[in-house]
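Q: Here is my input; please provide its structure:
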Amino acid sequence: MIEITNLTFDYPGHRALNDVTLTVANGSVTALVGPNGAGKTTLMRCIAGLETPLTGTITVADMDVSDRTRDVHRIMGYLSDFFGLYQDLTVARCLEYAAAAQGLPEADIPAAIERTAQRLNLSDRLQQTSGSLSRGLRQRVAIGQAIIHQPKVLLLDEPASGLDPEARASLAELFRQLQADGMTLLVSSHILSELDEYSTHMLALRDGRILENREIKLAHQSDVHRCLHLDLAQPDALLPEWLRAYAQVTVKTATAEHAEFDFHGDLQAQALLLKSLIHEGFTVSSLAEHKENLQQSYLRSVAAHLEAQQ
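A: Below is the predicted model:
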């Protein structure tokens, strides 16, 4: 959905993006992570056509952003970190204004407002002014303005900033729904645990360069290996040797009590592994998939980057 090639962007005396090349998969939810000053907001603004890079190309849905900015805007929603709402307008008027600004035909706007309000649980707030709403509800109105034209791509810069845990959970559920509807999301946030709940990919930036851009959640497919963690209720010195001899297992670490290994097989094959372990007399107390969370994945990328620089 998004393709970037050799993108470089300079502020006076500072290079914010340095020869960035990446792709964002259609229908994905990509977590854009990195420290302050990494270039996350600049990257989003370049994708949205709000900044002009020094060099490089950006295409969204096969459209060059620099040549067809208006066409790109018709299929894109963008929520800035410092979004603004007209305080004295009702929620309905805010959504109406956004719909008209995106070029929706006048006859289609009432249905678009109703659809968007329903999706964001704002139907009972339409006649309230935006200035009277809580931070979480204001955030929802701002997102509503970004998606009222049903874009294919949604860029969100720190969407959960300042929200309480309940509002963040509600926001995560909304993003999962938008992805299920076929939307491609690029979400920047410092709250990695929140991104963990809905992201399918991680794009890590540091000093304007890409540390890593990869899938972090895979569907359970028969040809995809998974990392499993095994615990025994009673230690057994034979466990490491037995696991290493098992055809579908690649051992990472193993002791008499615990083991972590890559398993090459589907859930049925995993059930057979468990059956074999019990048949051999191992007192299995737990056999579960071990998933690296987003923070662990990011810190691992940073560590690998720093090690490569030494």
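
Q: Is Leu230 in contact with Leu287, as I believe?
A: Yes: with contacts counted by CB atoms under 8 Å, Leu230 reaches Leu287, the gap being 5.2 Å. No exception for glycine: its C-beta is placed from N, CA and C like everyone else's.

Q: So for those two, which sits in the more crowded spot?
A: Comparing Leu230 with Leu287 by other CB atoms under 10 Å, the one with more neighbours is Leu230, at 24 against 17.

Q: related to what we said a few turns ago, what do Leu230 and Leu287 both touch?
A: Common neighbours of Leu230 and Leu287 (criterion: CB atoms under 8 Å, 6 or more residues apart in numbering): Leu277.

Q: Ser66: what's it in contact with?
A: Contacts of Ser66 (CB under 8 Å, 6+ apart): 49, 52, 57-58.

Q: any weak-confidence spans in the stretch 151-300 of the chain?
A: The model of the stretch 151-300 of the chain has pLDDT under 70 over residues 217-225, 291-293.

Q: quick one, strands of it?
A: Assigned by DSSP state E, counting those that start in this stretch, the strands in the stretch 151-300 of the chain fall at 153-157, 184-188, 201-206, 209-215, 225-232, 249-254, 258-264, 284-289.

Q: Please identify which of the ones you listed is closest to Gln296.
A: Among the strands of the stretch 151-300 of the chain, strand 201-206 comes nearest to Gln296, with 10.8 Å by CB to CB.

Q: and which of the contacts of Ser66 is nearest to Ala259?
A: Nearest member of the contacts of Ser66 to Ala259, counting by CB to CB, is Ile58, at 45.5 Å.

Q: Mind listing the strands the helix or strand hosting the closest one pairs with, and their directions?
A: Here Ile58 is covered by strand 55-60, with elements defined by DSSP states H and E. Here strand 55-60 is paired, per DSSP bridges, with strand 2-11 (antiparallel), strand 63-64 (antiparallel).

Q: can you put those strands in TSV and add distance to Ile147?
A: Formatted as TSV, the strands paired with strand 55-60 follow (distance: least, CB to CB, whole Å):
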stretch	distance to Ile147
strand 2-11	17
strand 63-64	19
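
Q: gap between the helix or strand hosting Ala308 and the chain center?
A: In the assignment (DSSP H and E), Ala308 maps to helix 294-309. Computed by CA atoms, centre = their mean, to the nearest Å, the chain-centroid distance of helix 294-309 equals 18 Å.

Q: try stretch 259-271
A: Computed by CA atoms, centre = their mean, the separation of stretch 259-271 from the middle of its chain amounts to 27 Å.

Q: Tell me the span between the first and last residue of it.
A: 17 Å (CA to CA, to the nearest Å).

Q: Give me the contacts around that stretch.
A: The contact list for stretch 259-271 (CB under 8 Å, 6+ apart) reads 220-222, 225-230, 239-240, 243, 248-254, 273, 287, 290.

Q: returning to that earlier point: average pLDDT for the strand holding Ile58?
A: Mean pLDDT, strand 55-60: 97.

Q: In that strand, which residues are buried?
A: Residues of strand 55-60 classed as buried: 56, 58-60 (neighbour count, 16 or more other CB atoms under 10 Å).

Q: same check, this time on stretch 277-284
A: For stretch 277-284, burial by neighbour count (16+ other CB under 10 Å) applies to 277, 282, 284.

Q: measure that stretch end to end?
A: One end of stretch 277-284 to the other measures 7 Å (CA to CA).

Q: got it, and stretch 33-40?
A: Start-to-end, stretch 33-40 (CA to CA) is 7 Å.

Q: Kindly report the same for stretch 50-61.
A: In stretch 50-61, first residue to last residue: 17 Å (CA to CA).

Q: what's the helix holding Ala308 packed up against?
A: Secondary-structure packing of helix 294-309 (3 or more CB pairs under 8 Å, 6 or more residues apart in numbering; DSSP states H and E): strand 29-33, helix 192-195, strand 201-206, strand 209-215.

Q: In terms of residue numbering, what are the domains of the protein?
A: Listed by automatic domain parsing, the domain ranges of the chain are 2-215, 225-289.
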